[in-house]
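*Asks:* build me a structure from this.
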Amino acid sequence: MNSYQIWDVIFKGLTSLGVVAALITACIGVSKYRYEKNRDVYVKRLNEVYAPLYELLIKQETFRKMYFPDRSIIAEPIITLTHTRLNWERFSPY
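*Replies:* Here you go, the predicted structure:
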């Protein structure tokens, strides 16, 4: 092998290494984009759905503490759980 062939192999190897690095960078970029997109969806859901519900609960608890200080949260809860088991037959696709 002469020196031209050696340099040719080195340059082709560096070019291939650059292509691999570009592919890895692209995969990382796509992954970060998906993460941010999902994060935006979840933040929107929190702001539009759960934040008003928490505000309502806080208002109700504040009302209870102001007007009925002798009543406890455990004795008279705002929200009660009536069913602890789901009727899975209702959700069956068949």
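
*Asks:* and the pLDDT at residue 78?
*Replies:* Looking at residue 78, its pLDDT stands at 72.

*Asks:* same deal with the one 5 residues further on?
*Replies:* pLDDT for residue 83: 64.

*Asks:* longest helix of this structure, counting residues only.
*Replies:* Longest helix in the chain by number of residues, with DSSP state H as the criterion: helix 3-45.

*Asks:* tell me the angle of the helix or strand just after it relative to helix 3-45?
*Replies:* Note on helix 3-45: by DSSP states H and E, the next helix or strand toward the C-terminus is helix 51-67. Helix 51-67 and helix 3-45 are oriented at 40 degrees to each other (axes from the mean of the first three to the mean of the last three Cα atoms, to 10 degrees).

*Asks:* pull the distance from helix 51-67 to the chain's centre.
*Replies:* Distance of helix 51-67 from the chain centroid (Cα atoms, centre = their mean, to the nearest Å) equals 27 Å.

*Asks:* again, but for stretch 54-70
*Replies:* The answer for stretch 54-70 is 31 Å, by Cα atoms, centre = their mean.

*Asks:* and the helix or strand of the chain with the lowest mean pLDDT, what does it pack against?
*Replies:* Every helix and strand of the chain was ranked by mean pLDDT, DSSP states H and E. The lowest is helix 51-67, at a mean of 85. If contacts are counted by 3 or more Cβ pairs under 8 Å, 6 or more residues apart in numbering; DSSP states H and E, helix 51-67 sits against no helix or strand. All C-beta spots, glycine's among them, are computed from the backbone N, C-alpha and C.

*Asks:* what residues does stretch 58-68 touch?
*Replies:* Contact partners of stretch 58-68, identified using Cβ atoms under 8 Å, 6 or more residues apart in numbering, comprise 71, 73, 76, 78.

*Asks:* if we go to 6 Å?
*Replies:* residue 78 (Cβ atoms under 6 Å, 6 or more residues apart in numbering).

*Asks:* export it to CSV, keeping only CA atoms.
*Replies:* Extracted C-alpha coordinates of stretch 58-68, given in CSV (Å, rounded to 0.1, in the frame of the first residue of the first chain):
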residue,chain,number,x,y,z
ILE,A,58,-59.2,23.9,48.1
LYS,A,59,-62.1,26.3,48.0
GLN,A,60,-64.4,23.7,49.6
GLU,A,61,-61.8,22.9,52.3
THR,A,62,-61.3,26.6,53.1
PHE,A,63,-65.1,27.0,53.3
ARG,A,64,-65.3,24.1,55.7
LYS,A,65,-62.5,25.5,58.0
MET,A,66,-63.9,29.0,58.0
TYR,A,67,-67.6,28.2,58.6
PHE,A,68,-67.5,24.8,60.3
